[in-house]
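S.K.: kindly generate the corresponding structure for this input.
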Amino acid sequence: MQEEGRAPLSAATAPIPPARRRRLLTLLGAIALAVLLADQATKAWALAALTPGQPRDLLGSGIRLNLIFNSGAAFSLGNGATLVLTCIAVGVLLVILATARRIGSRGWAWGLGLMLGGSLGNLGDRFFRAPGPGRGHVVDFIDYFGWFIGNVADIAIVVAAGLIGVLAFRGVGVDGTRERASSQEESAHA
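M.R.: Predicted structure coming up:
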């Protein structure tokens, strides 16, 4: 039961002030743009400086620079399903943009910005690289211990997934509300 004069026990929250939302959307956009530019610049460098099939040691033989053109997803899964992966990536992009409309948390702005920038970097390859629009191969060049080869966009996506996982575990909603705090508050008032 709720006591009189107290905040409602539901998860309803106060609206996010427009100025704060604009700042968070600007942060999200700036992060996405920085990731996209870093990804495309490093891919341009890799295309100019590396030769496929001729890896270069970067940190011993553990981390190498090894240029490949990936038609699949992570770990080269889904080779031959490039068009399907492109459609999935467009769907992910739309979900990110829809979620960003509810932004109220700096952590989520970082997570969604990293995810958006990484997604745009790899999606750009799918649309603008050979063999053609929607079927393009992603430029990968960072070889991790021979396990997989990725790029800067992949790093941003992995970091974003980790950050979003931590935010979800801590109960921080996209709008900045704290899920666990309201649950604990309900228990205290019961």
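S.K.: closest to the centroid, which residue in the protein?
M.R.: Geometric centre of the chain, nearest residue: Met115, 1.5 Å, by CA atoms, centre = their mean.
S.K.: going by neighbour count, which residues in the host helix or strand of that residue are buried?
M.R.: Assigned by DSSP states H and E, Met115 falls within helix 106-128. Of all the residues in helix 106-128, those buried under the rule 16 or more other CB atoms under 10 Å are 108-126. Any C-beta I mention is one placed from the backbone N, CA and C, and that applies to glycine too.
S.K.: okay, now the unreliable bits of the protein?
M.R.: Within the chain, the segments meeting pLDDT under 70 span 1-13, 73-80, 180-190.
S.K.: the helices in it, which residues?
M.R.: Counting by DSSP state H, one finds helices in the chain at the ranges 18-49, 82-100, 106-128, 152-169, 179-189.
S.K.: buried stuff in the longest one?
M.R.: Taking 16+ other CB under 10 Å as the basis for neighbour counts, the residues of helix 18-49 that come out buried are 21, 24-25, 27-29, 31-32, 35-36, 38-40, 42-43, 46.
S.K.: relative to helix 106-128, how tilted is it?
M.R.: Using axes from the mean of the first three to the mean of the last three CA atoms, to 10 degrees, the inter-axis angle of helix 18-49 relative to helix 106-128 is 40 degrees.
S.K.: dump stretch 57-76 to CSV, keeping only the CA atoms.
M.R.: In CSV, the C-alpha atoms belonging to stretch 57-76 read as follows (Å, rounded to 0.1, in the frame of the first residue of the first chain):
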residue,chain,number,x,y,z
ASP,A,57,52.9,-8.6,-36.0
LEU,A,58,51.8,-5.7,-33.9
LEU,A,59,52.1,-7.0,-30.3
GLY,A,60,54.2,-10.1,-30.9
SER,A,61,52.3,-12.7,-32.8
GLY,A,62,49.3,-12.3,-30.5
ILE,A,63,47.9,-9.1,-32.0
ARG,A,64,48.5,-8.8,-35.7
LEU,A,65,47.4,-6.6,-38.6
ASN,A,66,45.9,-8.9,-41.1
LEU,A,67,43.7,-7.5,-43.9
ILE,A,68,40.6,-9.5,-44.9
PHE,A,69,37.2,-8.8,-46.5
ASN,A,70,34.5,-10.3,-44.4
SER,A,71,31.2,-11.1,-46.1
GLY,A,72,29.8,-12.7,-42.9
ALA,A,73,29.2,-11.6,-39.4
ALA,A,74,31.5,-11.9,-36.4
PHE,A,75,33.9,-14.9,-36.7
SER,A,76,33.1,-14.9,-40.4
